[in-house]
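Colleague: Show me how the following folds:
(chains A and B)
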2 protein chains.
Amino acid sequence: MAAAYPSRLIFSISPKPTSSPKTLISPSSFPPFSLLKSFSFFSSSTSENPSFSPNSISTHSGALSSPPPILETPSKIDVNPPKGTRDFPPEDMRLRTWLFNNFRDVSQLFGFEEVDYPVLESEALFVRKAGEEIKDQLYCFEDRGNRRVALRPELTPSLARLVIQKGYAHPEFDSHIFFFRKSISLPIKWFAIGQCWRYERMTRGRRREHYQWNMDIIGVPEVMAEAELLSAIITFFKRVGITAADVGFKVSSRKVLQDVLRSHNVPEDLFARVCIIIDKMGKISVEEIKKDLSSTGMSDQSIDELLEVLSMKSLTELEERLGDAGQAVAELKQLFSLAEKFGYSEWIQFDASVVRGLAYYTGIVFEGFDRERKLRAICGGGRYDRLLSTFGGDDIPACGFGFGDAVIIELLKEKNLLPELDLNIENIVCSLDLELQGAAALVASTLRQKGQSVDLVLENKPLKWVFKRATRINARRLILIGKTEWEKSTVAVKILSTGEQYEISLQELD
Amino acid sequence: MAAAYPSRLIFSISPKPTSSPKTLISPSSFPPFSLLKSFSFFSSSTSENPSFSPNSISTHSGALSSPPPILETPSKIDVNPPKGTRDFPPEDMRLRTWLFNNFRDVSQLFGFEEVDYPVLESEALFVRKAGEEIKDQLYCFEDRGNRRVALRPELTPSLARLVIQKGYAHPEFDSHIFFFRKSISLPIKWFAIGQCWRYERMTRGRRREHYQWNMDIIGVPEVMAEAELLSAIITFFKRVGITAADVGFKVSSRKVLQDVLRSHNVPEDLFARVCIIIDKMGKISVEEIKKDLSSTGMSDQSIDELLEVLSMKSLTELEERLGDAGQAVAELKQLFSLAEKFGYSEWIQFDASVVRGLAYYTGIVFEGFDRERKLRAICGGGRYDRLLSTFGGDDIPACGFGFGDAVIIELLKEKNLLPELDLNIENIVCSLDLELQGAAALVASTLRQKGQSVDLVLENKPLKWVFKRATRINARRLILIGKTEWEKSTVAVKILSTGEQYEISLQELD
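Modeller: Model prediction:
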């Protein structure tokens, strides 16, 4: 298995992948630097602190001259977010919003409903015994009430918890009422976009948080569910400009492993542990894998056969080996047949080495990867028919995927597909006179009532400053409130792209 | 001061305020219960687990008959989210999305840019020494690397941190480059919608997390900034149907307190502590307030005069007492004059008792309250000109507000203003034959490419079941793929509201 990070949880290596230079305000949209020097906010640009100079503030009205003190004596704080976490200043936030809106739009095209869960959950929800990396890196702690809690490393266990919670009508109440009020009809199709956390010593420069898009289908045992999930991810890729030449999916089934283990009489309760070991292929040496497998009690012969099967890249070859009686081959063949009908055959390929790093997968598993193999897995998922029963619920067939916000941004950057996301405020409204600030407020309110965005200039500023600001926010119109015009209930309008200027009454302004 | 919770941070008393019965699927949209019994998913409704019966699953294809085991033996988990936290199942999520979209739309109408910060911050960012409730309830812990961290109780300190970080160009680099790349031009107008946390023993049934909408203006010393913020909140209220008859704002200035303290020679460094004590009025007895004030070293006479001034509800009365030389009165008068021009005078009233519970406010403070006085403060904010310098930045004038997601939902419920937010998926697509599932997938893909949402039926289900599902998801059209039609490349369409049925070719379907 080539991907370095095995689980559904995909974090970034680079410290700030969403910060794209393309989303920053372009310097060329500013006037020459010398021009800016004439404005107070830009006058101390050679000092440490060009824009927040105290001088630029003390020229204003006296409101700041003697504010009440607050208790502490000033002490420098660390201005960086905690290690491994990100701030989202406006340009990064625009990119995040763009990405999340694409996740959301695709999910809704597929008829999925959005849900969310607490970012803080009981530690018990995530503690499985199969040796997953995700458990070792759990961001867990004891709360002030001595409860073991964790910042969620993934969303699926919370989904399972909520499904069990919502699915049960309390027996002592009238089941007719509770049937409608409390339980959910199957199949459930839910999506979520949530922040996930892990704790890792920062030696590898990896982040401690990322956002993850999940789509899950609960209640459908048929492979059609996996096919639908893949279709959703591919729809997303197409929307953002990524093609089958850029990205592919490796698909396999854990039932392949199961068939091999069964044929060698390996005890069933070793299954998850073996999967987690196998998932480390490509990250640790084959010798270490073999040693780890040996330690489970598997014979050398079983191990060799297992590794041989896992190296297969052809479904025909697999079928010859396992025979066509098993579910593994039948389900995989069905998925490839459905992919053809959905129209995304070129995106997917069989690869027996894919097992994914989470203990709970039971059937088909898949993993999105960039074809240049420069990046880690972009997304991953599969079937987890036993997770709900592990939590004490009934067995319900389920499948889903996780799609992180980090690797996709790296890929989009790589492919030059990051969108230009400039700030766009329709109007800038400014009074030419302190006296007319109330009038400007009225004009701003009127436009906002009509659904137009307005940056209202809150201070008494020279016109040059206002033009700079208009440029920075990409305003379409500048609306000036002057004394002569206002006496006639009109305002001056300048269309900034064309330079066109006219006078218009407040009523006609829209 | 009447509001029970003094700070910008407003949590809910009721355990699940966003769960509105109105947003649930109405029972009347279902057929009579007896009808449902004929479908497998509903057949075991008298058992503990009506929708997730194992029987309903084993009737399907054999995919589940023998999935691989996972390691653990089943053990019931607690299906509830951790104490004081919420899940957002679809109906609650729709309400949250509706609320947040209103926050977002209003912020953007006012030309504010969205930002976000880590939910986990250094504890040091929130530890102030003024005795705030927010500090005692900090959800803090030691991480696995022995660092003191906290789940943020509010957003403003992170904003201040980020502004300082972005504002400084590193002096050893070319300042021309860094001027454009690293610093932000003032004024900054940012908004954020983020989850905030507090730790409190759950004796009062209060929640430990809520979402908070913040809007902040950095770099404007004039009262026009506060007026603009109030205008934004009032615009939000109007959008969701709340009037000045439902909600009002109590407005005062911390400079009122400052003037009184100065006239009694109370040391300036006691200011924040006195504010925090005063903010407890209405929650603890006047005797306790007096005792707490005494403990700061204030004389009985100062305390009596302070309490007398704080009881004033008229600006004229205040002016008579303090004289018109001070900033407190001048700024408040200006705010009321601007409110008139903005057109929201009827929403605001002077009330000297408002001080707000956060240490860092320095000037005008305000608080939104329901006029029936049934609920806690809806939102609150004010000017905090010293916060950035406390963190080691320069003095920059700033003001902002916080608006929680809990009390507003209680108020909307109270006023019958909660929206009906049904699930709405445009199409339900279903094949009448297992063989035709691929065709159904093709039809679904085609519609989705045209921007239409589709719930694709992933299993082979009886037609009655499909109609139920169509009703549940409020589908506009049912599209059936039958053998005869598909051979002619057509599908059967049923408009669900009218019952109209027709056959149409795939190309013409849009």
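Colleague: so the residue nearest to residue A:138 when sequence neighbours are not counted is in which element?
Modeller: Closest residue to residue A:138 apart from its sequence neighbours, by Cβ to Cβ, 6 or more residues apart in numbering or on different chains: residue A:150 at 5.1 Å. (Each C-beta comes from the backbone N, C-alpha and C, glycine too.) Residue A:150 belongs to strand A:148-151 when assigned by DSSP states H and E.
Colleague: Helix or strand next in line after that strand, which one?
Modeller: helix A:156-167.
Colleague: ok so, going back, describe which strands the strand holding residue A:150 pairs with in its sheet and in which direction.
Modeller: Taking DSSP bridges as the criterion, strand A:148-151 forms sheet pairs with strand A:120-122 (antiparallel), strand A:139-142 (antiparallel).
Colleague: I'd like the ones you listed as a markdown table, with mean pLDDT and mean neighbour count appended.
Modeller: Formatted as a markdown table, the strands paired with strand A:148-151 follow (pLDDT from 0 to 100; neighbours: other Cβ atoms under 10 Å in any protein chain shown):
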| stretch | mean pLDDT | mean neighbour count |
| --- | --- | --- |
| strand A:120-122 | 96 | 23 |
| strand A:139-142 | 91 | 19 |
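Colleague: got these as CSV, with distance to residue A:356 columns?
Modeller: Below are the strands paired with strand A:148-151 laid out as CSV (distance: least, Cβ to Cβ, whole Å):
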stretch, distance to residue A:356
strand A:120-122, 21
strand A:139-142, 21
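Colleague: Which one, of the ones you listed, ends up nearest to residue B:481?
Modeller: Shortest distance between residue B:481 and the strands paired with strand A:148-151, using Cβ to Cβ, is found for strand A:120-122: 41.6 Å.
Colleague: ok now the closest one, how far from the chain's centre?
Modeller: Put simply, strand A:120-122 sits 20 Å off its chain's centre (Cα atoms, centre = their mean, to the nearest Å).
Colleague: For the helix or strand just after that strand, what does the pLDDT average out to?
Modeller: Next along the chain after strand A:120-122, taking DSSP H and E as the criterion, comes helix A:133-136. When pLDDT is averaged over helix A:133-136, the result is 81.
Colleague: ok, now stretch A:229-240?
Modeller: On average, stretch A:229-240 scores 98.
Colleague: buried sites along that stretch?
Modeller: A:229-237, A:240 (16 or more other Cβ atoms under 10 Å in any protein chain shown).
Colleague: and those near chain B, which?
Modeller: Contacts with chain B are made by A:231, A:235 out of the buried residues of stretch A:229-240, judged by Cβ under 8 Å from any Cβ of the partner chain.
Colleague: beta partners of the residue nearest to residue A:138?
Modeller: residue A:121, residue A:140.
Colleague: OK, contacts around it?
Modeller: Contact analysis of residue A:150 by Cβ atoms under 8 Å, 6 or more residues apart in numbering or on different chains lists A:120-123, A:125-126, A:138-141, A:197.
Colleague: Against residue B:364, how distant is residue A:423?
Modeller: Shown here: residue A:423 relative to residue B:364, a distance of 28 Å by Cβ to Cβ, to the nearest Å.
Colleague: close to chain B, is the host helix or strand of residue A:249?
Modeller: For residue A:249, the host element (DSSP H and E) is strand A:247-253. No. Strand A:247-253 lies apart from chain B when judged by Cβ under 8 Å from any Cβ; the minimum separation is 9.6 Å.
Colleague: quick check: angle from the helix or strand just after that strand to strand A:247-253?
Modeller: Downstream of strand A:247-253, the first helix or strand assigned by DSSP H and E is helix A:254-263. Helix A:254-263 and strand A:247-253 are oriented at 30 degrees to each other (axes from the mean of the first three to the mean of the last three Cα atoms, to 10 degrees).
Colleague: now check the helix or strand just after helix A:254-263, is it near chain B?
Modeller: Going down the chain from helix A:254-263, the next helix or strand is helix A:271-278, by DSSP H and E. Yes. Helix A:271-278 is in contact with chain B by Cβ under 8 Å from any Cβ, via A:271-273.
Colleague: So which elements touch helix A:271-278?
Modeller: With contacts taken as 3 or more Cβ pairs under 8 Å, 6 or more residues apart in numbering or on different chains; DSSP states H and E, helix A:271-278 sits against helix A:254-263, helix A:286-295, helix A:300-310.
Colleague: any idea which of these is most buried?
Modeller: helix A:254-263 (a mean of 22; mean count of other Cβ atoms under 10 Å in any protein chain shown).
Colleague: Output the contacting helices and strands for that helix.
Modeller: Short answer (3+ Cβ pairs under 8 Å, 6+ apart): helix A:254-263 packs on helix A:271-278, helix A:300-310, helix A:315-322, helix A:327-342.
Colleague: In a markdown table: those helices, plus distance to residue B:416 and mean pLDDT.
Modeller: Putting the helices and strands packed on helix A:254-263 into a markdown table (distance: least, Cβ to Cβ, whole Å; pLDDT from 0 to 100) gives the following:
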| stretch | distance to residue B:416 | mean pLDDT |
| --- | --- | --- |
| helix A:271-278 | 52 | 89 |
| helix A:300-310 | 61 | 92 |
| helix A:315-322 | 59 | 90 |
| helix A:327-342 | 46 | 94 |
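Colleague: Next, count neighbours for the closest residue to residue A:356 other than its chain neighbours.
Modeller: Of all residues not flanking residue A:356 in the chain, residue A:365 sits nearest, at 4.5 Å (Cβ to Cβ, 6+ apart). When neighbours are defined as other Cβ atoms under 10 Å in any protein chain shown, residue A:365 has 30 of them.
Colleague: Now do the contacts for residue A:254.
Modeller: So residue A:254 contacts A:271, A:275, A:355, A:361-365, A:382, B:68 (Cβ under 8 Å, 6+ apart).
Colleague: What subset of these is buried?
Modeller: A:271, A:275, A:355, A:361-365, A:382, B:68.
Colleague: Just these: which are in strands?
Modeller: Secondary structure assignment by DSSP state E places A:364-365, A:382 of these in strands.
Colleague: How much space separates residue A:95 from chain B?
Modeller: Residue A:95 sits 11 Å away from chain B, going by Cβ to the nearest Cβ, to the nearest Å.
Colleague: What distance do you get for that residue to residue A:78?
Modeller: Between residue A:95 and residue A:78 the distance is 25 Å, computed by Cβ to Cβ.
Colleague: Tell me which of these two has more neighbours.
Modeller: residue A:95 (23 against 14).
Colleague: Reduced to three states, what does the more buried one come out as?
Modeller: With DSSP: H, G, I helix; E, B strand; the rest coil as the basis, residue A:95 sits in helix.
Colleague: For the stretch 401-510 of chain A, what lies in contact range of chain B?
Modeller: A:423, A:425, A:428, A:437-439, A:441-442, A:445, A:448, A:451-456, A:458-459, A:468-469, A:472-473.
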